[in-house]
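**Student:** mind folding the following:
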Amino acid sequence: MSLALALPVAFLLREINTASSGQPERAAMISGIFLLTVILVAPAIYLVKSRGQFSPAMFGSIVIACCTIVLAGVYLFSASHYLFLRGDFAIWSESDFVNDIIKFRTGYPLFSAEVNNESFAYTPGSQLLTYFLSGFSNWLPRYRLVQILYTVIAAMFAYSCSRKLLTIAQPDSGNNVFTPVWSIIVLSGLFLIATNSLTNPFSHLLHNDALAQLVTIAAFRLLIEYEDTNDARLIWLMALLPAFGFWVKQSLVIWAVIFAFYLLVFSRPRSFKRFGIFSAAAFIPIAVSLALGHYLWADDFRYWVFTVLGSHGVSPLRSLKHLFDVWIYVAIGIIGGAVLMNVNGLRKFFGLWLVWLGLILLEIYTSGVAWMLNHIGPGSLIAGTWFFASAAWFYSKLSANEIGSDKGASLMRASAFAAVICLLFSGLGVVRIPVQPFAEADAERYVSEIETEFKNSDPGSVLLDFGSWVYFENEVVMKDRAPSIGERGYSATGDFSGILARITEKKYSKILLRNFHSGDFWYDHEMWKKPSGIREALRENYREVKQIEPIEMTDPKEMPYGFSKISILVPVEN
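**Tutor:** The predicted structure is shown next:
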């Protein structure tokens with residue numbers, strides 16, 4: 001319901017920006033007036049209709065609910081420009097994501113020899129499930145819509161977690177706290193956290209993150225249910241989930257360890273029999289998954305799934321920086337847990353809370369392998385479940401204290417709390433400026449110019465550094481992709497003899513490369529410990545004949561790598 005209310009907001013923002021094309025400041029001003037009106041209308045209607053029965057707590061709740069709906073609408077508006085992009089180059093993973101679908105359609109091995117430079121460093125579960133849920137489509141926007149579907153379901157699981165946590169805290173009245181208004185707030189707020197720009201920036205794009213977040217929050221919901229009911233039947237679901245998670249993203253196998261730890265340390269009454277049954281039941285599907293992967297792809301499976309990502313060293317200094325970057329999520333999780341533990345003591349909540357804290361700290365530590373924060377997304381969403389459960393409880397107390405109290409003082413308390421929550425949204429990275437990030441006509445121009453370079457040519461002879469949509473129709477699995485090489489060049493674990501030989505032999509009739517003249521060149525990056533030699537080989541054997549101008553961004557600092565200027569190279573004549 002609450003997310004459905006955000007759709008017309010997103011639609012009207014698109015209309016406003018379309019009417020103000022080329023005038024971003026005018027679009028932002030009109031959008032701001034429109035959004036402020038949306039936020040104020042419902043509270044105003046409530047004031048008029050309530051008359052003498054005015055409740056300050058309800059008034060503040062309605063204001064918060066309107067803010068969450070508006071922010072969700074702004075997100076959907078902003079994301080829509082990427083959702084309907086015809087090319088798969090919005091982020092580095094999109095090209096490999098689509099390439100895996102092409103491989104599956106053609107029967108090509110999902111993992112092949114590293115010298116081919118065309119395999120993904122993640123397991124293929126998200127890619128294949130997305131392809132299935134899209135109706136076996138070859139239309140990329142449908143794949144991105146499936147990622148939004150994963151995220152909506154993750155928000156629903158997170159809402160269920162918050163509601164269950166509060167029910168455990170207050171068995172007699174916990175469900176009553178989640179009034180229709182607070183249900184809107186919690187569901188919309190958790191959807192915003194599931195799509196926040198700090199730790200979940202890729203949730204609408206082709207990456208394994210959206211489904212990985214869904215698996216993680218489902219695992220946490222399962223753990224809450226087990227803590228509440230002590231139902232032994234749940235152990236079988238807990239045993240299967242880590243193996244399923246492994247096929248979505250390798251790191252999700254950690255849930256086998258988390259579940260086992262919880263059963264051994266926090267489950268009451270402690271049952272070593274259950275712990276043993278779970279350990280055996282969880283080990284078998286994981287072992288079968290590993291054996292299946294080795295059977296299908298042999299050593300190539302081990303290399304891409306374990307060696308490539310495992311070769312990235314963790315920088316403790318970078319991890320510490322990431323802790324400071326996302327401190328707000330650690331803080332709201334700690335505060336939310338402390339509030340609920342104060343309501344119902346440590347026994348029911350400490351183990352669950354410690355699982356979340358350990359998970360998010362592990363995510364922060366391992367995020368030190370790179371500069372991105374997207375690995376911290378699932379832990380951030382779980383932090384939101386603690387926070388919104390405690391916020392709903394606190395607001396119910398404000399409402400209860402209104403009876404017989406001074407209306408002015410009650411209004412001040414409710415307004416202050418509503419203001420704090422609404423202002424907190426900015427720190428959580430869920431507030432976005434309602435201006436289109438780029439002109440869709442310019443993006444279509446960029447895509448069309450790339451496609452023009454493939455006309456009257458064998459698609460298998462034209463190398464596009466990344467972006468696989470141009471190969472989809474002809475079902476070409478292209479070698480020598482930039483993400484594959486960039487991933488291994490940074491850690492110095494790649495064998496690039498294959499691409500160097502193909503360049504020297506001039507196997508490609510045309511090569512399209514981004515950032516060829518920049519240090520941020522994914523085939524030979526300036527930060528690599530050891531140069532790959534690819535840039536030099538290209539200069540010796542190919543010449544640049546023209547360029548494709550980049551997509552112009554409203555904020556140039558937000559330009560994705562895939563939107564950059566493209567150099568078009570052809571072989572030099574002997």
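
**Student:** so which residues of the stretch 351-500 of the chain form strands?
**Tutor:** Assigned by DSSP state E, counting those that start in this stretch, the stretch 351-500 of the chain shows strands spanning 462-464.

**Student:** now it, which segments are flagged as low pLDDT?
**Tutor:** 400-407 (pLDDT under 70).

**Student:** before we move on, what about the chain?
**Tutor:** 1, 52, 172-175, 400-407.

**Student:** quick check: domain ranges of this structure?
**Tutor:** 1-84+406-437, 121-400, 440-571 (automatic domain parsing).

**Student:** quick one: which of those is nearest Ser93?
**Tutor:** Closest approach to Ser93 among the domains of the chain is made by domain 121-400 (4.4 Å; Cβ to Cβ). Any C-beta I mention is one placed from the backbone N, CA and C, and that applies to glycine too.

**Student:** who's in contact with Trp469?
**Tutor:** 86-88, 98, 140 (Cβ atoms under 8 Å, 6 or more residues apart in numbering).

**Student:** which of the residues you listed sit farthest apart?
**Tutor:** Applying Cβ to Cβ across the contacts of Trp469, the maximum distance is between Arg86 and Val98, 11.6 Å.

**Student:** residues in contact with the residue nearest the centre of the chain?
**Tutor:** Centroid-nearest residue in the chain, with Cα atoms, centre = their mean: Ser203, separated by 3.1 Å. By Cβ under 8 Å, 6+ apart, the contact list for Ser203 reads 147-148, 150-151, 194-195, 209-210, 213, 377.

**Student:** against Ala72, how distant is it?
**Tutor:** Using Cβ to Cβ, to the nearest Å, Ser203 is found at 13 Å from Ala72.

**Student:** ramachandran coordinates for Ala492?
**Tutor:** phi 60, psi 40 (degrees, to the nearest 10).

**Student:** which SS class is the residue nearest to the centre of the chain?
**Tutor:** Judged by DSSP: H, G, I helix; E, B strand; the rest coil, the three-state class of Ser203 is coil.

**Student:** for Ala243, which non-adjacent residue is spatially closest?
**Tutor:** Pro285 (3.5 Å; Cβ to Cβ, 6 or more residues apart in numbering).

**Student:** show me what contacts Ile102?
**Tutor:** 108, 468, 471-472, 475-477.

**Student:** recalculate using a threshold of 7 Å.
**Tutor:** When the contact criterion is Cβ atoms under 7 Å, 6 or more residues apart in numbering, the partners of Ile102 are 468, 471-472, 475, 477.

**Student:** most surrounded residue in these?
**Tutor:** Taking other Cβ atoms under 10 Å as the neighbour criterion, Ser468 ranks highest of these with 27 neighbours.

**Student:** touching, that one and Phe89? I think so.
**Tutor:** No: Ser468 lies out of contact with Phe89 (Cβ atoms under 7 Å); the separation is 9.1 Å.

**Student:** between these two, which contacts overlap?
**Tutor:** Common neighbours of Ser468 and Phe89 (Cβ under 7 Å, 6+ apart) are Ser95.

**Student:** still on that earlier bit, and of the contacts of Trp469, the nearest to Leu569?
**Tutor:** Gly87 (19.5 Å).

**Student:** mind checking how far the closest one is from Phe466?
**Tutor:** The gap separating Gly87 from Phe466 is 10 Å, by Cβ to Cβ.

**Student:** quick one, which of these two is more surrounded?
**Tutor:** Phe466 (28 against 24).

**Student:** ok, and the closest non-adjacent residue to the more buried one?
**Tutor:** Ser95 (3.8 Å).

**Student:** check which helix or strand covers that neighbour.
**Tutor:** Taking DSSP states H and E as the definition, Ser95 sits inside helix 92-106.

**Student:** what comes up buried for that helix?
**Tutor:** Buried residues in helix 92-106, defined by neighbour count with 16 or more other Cβ atoms under 10 Å: 92-104.

**Student:** neighbours of Leu359, just the number please.
**Tutor:** 22.

**Student:** skip the chain neighbours and tell me the closest residue to it.
**Tutor:** Gly379 (5.1 Å).

**Student:** now the one you found: how far from Trp182?
**Tutor:** For Gly379 relative to Trp182 (Cβ to Cβ), the value is 24 Å.

**Student:** ok, residues contacting stretch 126-141?
**Tutor:** 83-84, 86, 88, 97-98, 100-101, 104, 142-143, 146, 208, 211, 248, 469, 472.

**Student:** show me these that map onto helices.
**Tutor:** Per DSSP state H, helices hold the following members of those: 83, 97-98, 100-101, 104, 142-143, 146, 211, 248, 469, 472.

**Student:** list just the nearest of these to Val41.
**Tutor:** Set against Val41, the nearest of the ones in helices among the contacts of stretch 126-141 by Cβ to Cβ is Leu83 (27.8 Å).
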